[in-house]
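# just the structure for this:
(one chain, ligands or ions: 1)
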Amino acid sequence: MSNLKEQACEACRADAPKVSGAERSALLKEVPDWEVVELDGELQLRRVFTFANFAEALAFANRVGDLAEAEGHHPALLVEWGKVTARWWTHKIGGLHRNDFIMAARTDALAAG
Ligand SMILES: C[C@H](O)[C@H](O)[C@H]1CNC2=NC(N)=NC(=O)C2=N1
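Reported below is the predicted structural model:
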């Protein structure tokens, strides 16, 4: 089993393939707290992280933002009092790439502290 949270994103091109159904199932086993959702016709990974208050939620979102900037791969983040909803997908292919599972695993690692 690959260790997603130790990996970095690969440069993703517009013609990069989406992960297949089988790959999606295998990769999801490494990020079991995430769900696959379809929004605007595009598959995405989504997880809700909970915190003691808004300040802690915002601090976590900023750490995820720093990670995104470092990897050049960016999530959607909804910051609310005590919650951050994170969604990862690859805009340029309109769906899920291996990079999104790597970033979900690395987001989990940030939450684990
Ligand atoms: C030019 C810039 O590197 C690209 O637009 C990057 C930025 N961050 C990105 N993030 C995500 N999630 N998907 C992309 O396709 C993407 N493309």
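# apart from its chain neighbours, what residue comes closest to residue 47?
Distances taken as C-beta to C-beta, 6 or more residues apart in numbering place residue 34 nearest to residue 47, at 4.6 Å, with adjacent residues excluded. From N, CA and C alone the C-beta is placed, and that goes for glycine too.
# ignore what I typed, I meant residue 90.
Once flanking residues are discounted, residue 90 sits nearest to residue 97: 4.1 Å by C-beta to C-beta, 6+ apart.
# give me every residue that touches that neighbour.
12, 16-19, 90 (C-beta atoms under 8 Å, 6 or more residues apart in numbering).
# what parts of this structure come near the ligand?
Selection of the chain residues close to the ligand by C-beta under 6 Å from any ligand atom yields 72-74, 90-92.
# what sits up against the strand of greatest length in the chain?
Scanning the chain for the longest strand, with DSSP state E as the assignment, gives strand 42-50. The contact list for strand 42-50 (C-beta under 8 Å, 6+ apart) reads 18, 24, 31, 33-38, 57, 60, 76, 82-89, 94-96, 100-101, 104, 107-108, 111.
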